[in-house]
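I would like to see how this sequence folds:
(2 chains)
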Amino acid sequence: MGTSIPVLIVKRVGLGLLLLLAVSILIFAGTQILPGDVAQSILGQSATPQALANLRAELGLNDPAWLRYLHWLGGILTGDLGTALTSRQDIASSLWPRLKNTLFLAFWAAAISVPLAIALGLIAVRYRNGFVDKAISAFALASTSFPEFFVGYLLVFFFAVKWQFFPGISTVYDGMPFLARMQAIALPATALTLVVLAHMMRMTRAAILNVMQSAYIETAELKGLRPIEIIRRHAFPNAVAPIVNVVMLNLAYLVVGVVVIEVIFVYPGMGQYLVDHVAKRDVPVVQAVGLIFAAVYIGMNIIADIVAIVANPRLRHPK
Amino acid sequence: MSKELEYLSRRVLTGGLNRRDFLGRAAALGASAAFANSLLGSAAQAQTPNKGGILRAGMQGGAATDSLDPATWASQVPYFFGRQWGEQLVQLSADGKVNPALATEWGASDDAKVWTFKIRKGVQFHNGKEMTPADVVATMERHSDANSKSGALGIMGGIANVKADGDTVVFTLTEANADLPYLLDDYHLMIQPNGGKDKPDEGIGTGPYKVTVNEPGVRLGGEKFANYWRDDRGFADQIEIVVINDATARTSALQGGQVDIINRVEPKIVNLIKRVPGVTIQNVAGRGHYVFIAHCNTAPFDNNDLRLALKYAMNREEMVKTILQGYGSIGNDTPINKAYPLFSEIPQRAYDPDKAAFHFKKSGHDGPVLLRTSDVAFPGAVDATQLYQQSCQAAGIPIEVKREPGDGYWSEVWNKQPFSTSYWGGRPTQDQMFATAYYSKADWNDTRFFDEKFDKMLFQARSELDPAKRTAIYRDMNVLLNETGGVIVPMFNDFIDATGPKVEGWVPDGNQEMMGGYALSKCWLKA
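Residues are numbered from 1 along each chain as shown, chains lettered A, B, ... in the order given. Below you'll find the model as predicted:
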């Protein structure tokens, strides 16, 4: 007898949370073994021993590591990410707008790239090994093979400097009109689309082609269904699991891996925020951002698993 | 000649000619650089400023960790923004003189230990309160508190106490300092309501613009303060600073018209940028310089002959030509150049492989000399190190170059390792530059230069109110550094900013980049 879907989902989420807990321990341990004393790096070269001692006491650096970890974890569970060492601001409130910006850009990049990649993948299968297939593959692979900063600079050169269709810097801020905001992110969203497109498109193509070898596809063909109908109704649902997996991986990348694009387009997202704080050794911020990135990654993978389970009954009945 | 020069200077302002070419033409016509520069300045002033609009700058040097508290400032963007919304007691003019700002006049006692500043009346803070001598005193107290983390703590160290007396503020110093007015121009020492003791980062000052947008590391904005006390700055209705740390993005933002002014144009690309229609390169000689620093107390650099060998092996002209693309001037193994007040020429050291070889042999050192460098030491530092390696090679001095990672360079290599590359931004006065990095007890004595005679002269000059005598003392100090110091100064770098087609009113000001820090207050948008 198979397990019911809700139980499976609860199990997956529970596993994800355990994993997140493990990651939090890793992040904490990692930032502890970074060279240099936190108090020393805040106060800089002019630090007096007394000031160092005061600050160490204030930050609780004299407590044992496990106690500090529990304090930190307790804070996170109650929504308190702590205070930035450099600007003394509440991390949660300064991080939230940055996270929002990152999600905004990731959302629009995904909204363009995912349907586009899947559609291109389906078309490539339909005309497999023909000119269209090769052209699509060549374009997607080329755009992915270029380093993202190169794609970014090319877009800036043509669309911002030469023709001036879109702004070359994508500064967005609260209270910006929606259209102005969309215009601002046009170039970074395009660059991101080009970067993630090929991976998803190729995976879609490969997964569906794999299914196309099956006997039931042959049956469908013998029934006289149109090729695109076969792909849509029979092949795609059976190929959805690997596709969702790769889509989720790319979505996670759109959130956590876009530092370079953010720097090139001066987009105020999480990546730039993280880099600024790493440079200043602002450990609480680095920990918070690291944990959020880990949560996004794990969350996306849980979703991929669940979608795969729901879409494919076979996974619900482990042998 | 003057007719042609005037014509050329007007062409510079209208964008038909860039400053550099103008200075070149002026030199060809026999005018000195100083005269030509002043001509440019007067032509700019002759224009009538146009009011209104939004003036925008795209700048390197901002981060999400920035704050509006002046005590914490250490990078360009917060400092530059601060110059637009706040003011100090005094302001430096483009030619390096101290001008009145929130103080109207000042004077010192004969021993230069007691200074009295008369505070301007009728100046309003952005919160509507009038600025008083009590605010000035509170500001000075906050920055001189030993527990404060103010970047100005170092210069406040010599101040015993600050008291308000009627409409004046009296500074009593622990030891004489003829340069006090210069020190008070320091950007940290912006006058805040009650000295910022209540809310250091509330962003209330007396400057031409009040803070309306504060998104650290992203965007900063100001709106014209209606009750600002002077009418020769603050022409645009609004100002905006966009933080663009990527050099290519900064340039493209200027080309695309999203910003009107950018800072830090890389010397490598200056010649490409200046061909872009509408873009004007604004470069000015400053006090910033790049250094190769050897610790005078660490073997093998404790031997002056070896230090001299390393100095003679430096090809300064080549450095300026290659690393700065000509946007700079040669150094002379002291941190001081003619941009400083009370400067006096000393003999220029030239590249001389024979002398270098002679001193190297005399030093008795054998084997390679380890030199550490990094991309972050200064723009082009790694290339400069390789050039230096070659010019040393010609003198028979083997240099082993070790390239260090940028992350951690300032905490692990600079001021720790015996021979490395670095840069200095320069200071407003010779006294400050020496006190920061060459006084034997200075924290940042990064060449480990311990010379009692030098220290003595430093204090002697500080208490001397006669400029001629001070100039003579400073000359001796520079000679001493040049002959025995551990610093090798290949070049002084220009500040290179760039403006778009809509910007008018730019005047060269070498006190700092971006027109001495006042670009958004003193420039205006073309009508």
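
residue contacts, B:Lys203?
Careful, residue B:203 is Gly and not Lys. B:68, B:85, B:210-211, B:214 (Cβ atoms under 8 Å, 6 or more residues apart in numbering or on different chains). (C-beta placed from N, C-alpha, C; glycine too.)

Point out the residues in the stretch 101-250 of chain A that sit beside chain B.
For the stretch 101-250 of chain A, the residues in contact with chain B (Cβ under 8 Å from any Cβ of the partner chain) are A:153, A:156-157, A:160-161, A:164, A:167-169, A:171, A:173.

Just the buried residues from those, in PyMOL please.
The PyMOL selection below is limited to those of those classed as buried (16 or more other Cβ atoms under 10 Å in any protein chain shown):
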select buried, chain A and resi 153+156+160+161+167+168+169+171+173
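
could I get the residues of the stretch 101-250 of chain A next to chain B as CSV with secondary structure and pLDDT?
Below are these laid out as CSV (DSSP: H, G, I helix; E, B strand; the rest coil; pLDDT from 0 to 100):
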residue, secondary structure, pLDDT
A:Tyr153, helix, 91
A:Val156, helix, 91
A:Phe157, helix, 90
A:Ala160, helix, 89
A:Val161, helix, 87
A:Gln164, coil, 87
A:Pro167, coil, 88
A:Gly168, coil, 86
A:Ile169, coil, 87
A:Thr171, coil, 86
A:Tyr173, coil, 84
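
any idea which of the residues of the stretch 101-250 of chain A next to chain B is closest to B:Ala74?
Nearest to B:Ala74 among those: A:Thr171, at 23.1 Å, using Cβ to Cβ.

Isn't the closest one up against B:Val218?
Yes - with contact defined as Cβ atoms under 8 Å, A:Thr171 counts as touching B:Val218 (6.3 Å).

intersection of neighbour lists for the two?
A:268, B:242.

related to what we said a few turns ago, tell me which two of the residues of the stretch 101-250 of chain A next to chain B sit farthest apart.
A:Phe157 and A:Tyr173 (25.4 Å).

Near chain A, which residues of chain B? Just list them.
Counting by Cβ under 8 Å from any Cβ, chain B sits next to chain A at B:58, B:63-67, B:147, B:149, B:153-154, B:213, B:215-219, B:242-246, B:248-249, B:252-253, B:255-259, B:407-408, B:411, B:443-444.

Now which of these would you call buried?
B:58, B:63-67, B:153-154, B:213, B:215-219, B:242-246, B:248-249, B:252-253, B:255-259, B:411, B:444.

Identify those among these that sit within strands.
The strands, defined by DSSP state E, take in B:58, B:213, B:215, B:219, B:242-243 from these.

In a strand, A:Leu122, correct?
No - counting by DSSP: H, G, I helix; E, B strand; the rest coil, A:Leu122 is not part of a strand but helix.

can you pull the pLDDT of it?
pLDDT, A:Leu122: 89.

residues in contact with the residue nearest to it when sequence neighbours are not counted?
Distances taken as Cβ to Cβ, 6 or more residues apart in numbering or on different chains place A:Ile231 nearest to A:Leu122, at 5.7 Å, with adjacent residues excluded. Counting by Cβ under 8 Å, 6+ apart, A:Ile231 makes contact with A:122, A:125-126, A:208, A:212.

Most neighbours out of those, which is it?
A:Ile208 (27 neighbours; other Cβ atoms under 10 Å in any protein chain shown).

you'd agree it is up against A:Ala239?
Yes - here A:Ile208 reaches A:Ala239: they are 4.7 Å apart, a contact under Cβ under 8 Å.

ok, back up a step: with neighbour count and distance to A:Leu85 added, can I get the contacts of B:Gly203 in a markdown table?
Below are those laid out as a markdown table (neighbours: other Cβ atoms under 10 Å in any protein chain shown; distance: Cβ to Cβ, whole Å):
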| residue | neighbour count | distance to A:Leu85 |
| --- | --- | --- |
| B:Leu68 | 24 | 17 |
| B:Trp85 | 25 | 25 |
| B:Lys210 | 22 | 29 |
| B:Val211 | 22 | 24 |
| B:Asn214 | 17 | 19 |
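
Which one of those residues is nearest to chain A?
B:Leu68 (9.6 Å; Cβ to the nearest Cβ).

Let's see which of the contacts of A:Ile231 end up in helices.
Cross-referencing the contacts of A:Ile231 against helices under DSSP state H gives A:122, A:125-126, A:208, A:212.

just curious, which of the residues you listed is nearest to chain B?
A:Leu122 (36.8 Å).

circling back to that earlier point, ok, the contacts of A:Ile231 vs B:Leu89, which is closest?
Distances from B:Leu89 to those, taken by Cβ to Cβ, are shortest for A:Leu122, at 71.6 Å.

quick one, what contacts the closest one?
Per Cβ under 8 Å, 6+ apart, neighbours of A:Leu122: A:204, A:208, A:228, A:231-232, A:236.

what about chain B, any weak spots by pLDDT?
B:1-46 (pLDDT under 70).

remind me, longest helix of it?
Max-length helix for chain B by DSSP H is helix B:467-484.
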